[in-house]
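Q: Give me a 3D structure for the following:
(one chain, ligands or ions: 1)
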Amino acid sequence: MEKNKILVTGGLGYIGSHTTLALQAAGYEVVIVDNLSNSQADMLDRIAAISGIKPALAQFDLCEEAALDQFFAEHANLGGIIHFAAFKAVGESVAQPLNYYKNNLLSLMLLLEKMQKYAVPYLVFSSSCTVYGEPESLPVTEAAPVQKATSPYGNTKQISEEIIQDVLKAQPALQAIALRYFNPVGAHESGQIGELPLGVPNNLMPFITQTAIGLRSELKVFGHDYDTPDGTCIRDYIHVMDLAEAHVIALQRLMEKKNRANYEFFNLGTGQGSTVLEVIASFERTSGQKLNYQLTERRPGDVVKIYADTALANEVLGWKARRNLDEMTRSAWQWEQNYRGQ
Ligand code: UD1
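A: Just a heads-up that it's a prediction; the model follows:
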């Protein structure tokens, strides 16, 4: 395979590490850039233990232009880039907006600049269903309007997509696909890599598994009087390995010149909405553990219900999520237990 060396930024993070494995399984050579701001170096050994191949790691911050330039100069013949590296905590972004704008936007702009300078044509960008806000109709298609972001984090995803589109208009040699993730959860089937949030988790699944293992005393279910079948919020949870495989397919689409426009975007979800209580029930079923949880007040800023229309990803991208909610909770629990040595 020609030009099969792929740069994965944030490759030691949650989705990046799983995508690295999916790329390796598809025969690509992966080079990771990661500054370890929300990841751990031993993820490299964990990846190597699963795939038998240790990816190269360049440890630096993408906002350091000199380091980035040197990286591109040293890695000729990159076939493409999958860009994950970014800050992603909604609440933190409200408290530290400039950190979010600077980190998430500057890194992308510098990356796009180096893609031009070093003639690396293909980019797969990590976006989010947060761009749809509280959607007017469900399931959400890609034609749904992008709504004003409710957090600086969400705004960085919207602005990033706009920056990429504007750059591509001016630079037709560059091609990109943005993937709008719904709620990624679960872990690699080996149980050797998974989500590793620093500190107290904000997201539901790591909070569930950390509660079950005894690190947290109870899960608070945020809101139980919403207009949903059981009163709790609805999300489209998607297995991280399904997501990882979608990135490989998107990259191949670009490399094989199958894309219909130089900028495309796809929803990545299962198309199936689940309430918080349904996720808890699935966890209890697959783990055999009773979860200590309490119904509490709503979390400010939460969207009530959102799930994806996956027709475009299914028909045009040629990808479909294969793993169900039970596989998500089972693998997340297996990872938590392995990681804590239980
Ligand atoms: C949020 C962001 C999303 C971001 C993602 C990753 C919004 C609208 N969405 O997704 O853009 O990409 O985080 O960081 O800001 N829940 C509980 N108890 C908890 C934790 C969560 O009940 O302790 C509930 C929430 O109310 C929600 C569901 O679980 O209904 C999922 O929450 P979470 O995992 O935080 O993801 P989102 O808020 O959907």
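
Q: In the stretch 51-200 of the chain, which residue sits closest to the ligand?
A: Relative to the ligand, the nearest point of the stretch 51-200 of the chain is residue 130 (3.2 Å; Cβ to the nearest ligand atom). Glycine gets a C-beta too; all of them are placed from N, C-alpha and C.

Q: what's the neighbour count on that residue?
A: Using other Cβ atoms under 10 Å, residue 130 has 24 neighbouring residues.

Q: residues in contact with the nearest residue to it once chain neighbours are set aside?
A: In space, and not counting its chain neighbours, residue 130 is closest to residue 154: 4.2 Å by Cβ to Cβ, 6 or more residues apart in numbering. Neighbouring residues of residue 154 by Cβ atoms under 8 Å, 6 or more residues apart in numbering: 90, 93, 128, 130-131.

Q: Quick check: residue 118 vs residue 71, distance?
A: As judged by Cβ to Cβ, to the nearest Å, residue 118 and residue 71 stand 10 Å apart.

Q: whoops, I mixed them up, residue 217
A: 44 Å.

Q: out of the two, which sits in the more crowded spot?
A: residue 71 (19 against 7).

Q: Can you tell me which one of the contacts of residue 154 carries the smallest pLDDT value?
A: In terms of pLDDT, residue 90 ranks lowest among these, with 91.

Q: State the distance from that one to residue 72.
A: For residue 90, the distance to residue 72 (Cβ to Cβ) stands at 32 Å.

Q: What parts of the stretch 51-200 of the chain come near the ligand?
A: 88, 90, 128, 130, 151, 154, 183 (Cβ under 6 Å from any ligand atom).

Q: which ones among the residues you listed are found in helices?
A: In this view, these that belong to helices under DSSP state H are 90, 154.

Q: Give me every residue in the stretch 201-342 of the chain that's in contact range of the ligand.
A: Residues of the stretch 201-342 of the chain lying near the ligand (Cβ under 6 Å from any ligand atom): 202-204, 207, 219-222, 233, 235, 276, 299, 302-303.

Q: hang on, the earlier thing: run through the residues that contact the residue of the stretch 51-200 of the chain closest to the ligand.
A: By Cβ under 8 Å, 6+ apart, the contact set of residue 130 is 149-151, 153-154, 157.

Q: same deal with residue 30?
A: Contacts for residue 30 (Cβ under 8 Å, 6+ apart) come out as 5-6, 8, 11, 20, 23-24, 55-56.

Q: Just the buried ones out of those residues, please.
A: 5-6, 8, 11, 20, 23-24, 55 (16 or more other Cβ atoms under 10 Å).

Q: following the lowest-mean-pLDDT helix or strand in the chain, which helix or strand comes up?
A: Across the helices and strands of the chain, mean pLDDT, DSSP states H and E gives its lowest value to helix 90-95, namely a mean of 93. Downstream of helix 90-95, the next assigned helix or strand under DSSP states H and E is helix 97-101.

Q: What is that next one packed up against?
A: The contact analysis (3 or more Cβ pairs under 8 Å, 6 or more residues apart in numbering; DSSP states H and E) places helix 97-101 against helix 90-95, helix 152-170.

Q: mean pLDDT lowest for which of those?
A: Out of the helices and strands packed on helix 97-101, helix 90-95 stands lowest, with a mean of 93 (criterion: mean pLDDT).

Q: which helices and strands sit right next to that one?
A: Going by 3+ Cβ pairs under 8 Å, 6+ apart, helix 90-95 lies up against helix 97-101, helix 152-170.

Q: quick one: low-confidence parts of the stretch 151-300 of the chain?
A: Along the stretch 151-300 of the chain, segments meeting pLDDT under 70 are nowhere present.

Q: Can you show me the strands along it?
A: Using DSSP state E, counting those that start in this stretch, the strands of the stretch 151-300 of the chain run over residues 175-181, 183-185, 219-222, 234-235, 237-239, 263-268, 274-275, 293-296.

Q: Quick one: closest of those to residue 314.
A: Across those, residue 314 has its closest neighbour in strand 263-268 (9.5 Å, Cβ to Cβ).

Q: Note down every partner strand of that closest one and its orientation.
A: According to DSSP bridges, strand 263-268 forms sheet pairs with strand 175-181 (parallel).

Q: ok, back up a step: what's the most distant pair in the residues of the stretch 51-200 of the chain next to the ligand?
A: Largest pairwise distance in these, by Cβ to Cβ, is 15.8 Å, between 151 and 183.

Q: before we move on, back to that, now restrict the contacts of residue 130 to buried residues only.
A: Buried subset of the contacts of residue 130 (neighbour count, 16+ other Cβ under 10 Å): 149-151, 153-154, 157.

Q: Since that was my last question, I'll sign off now.
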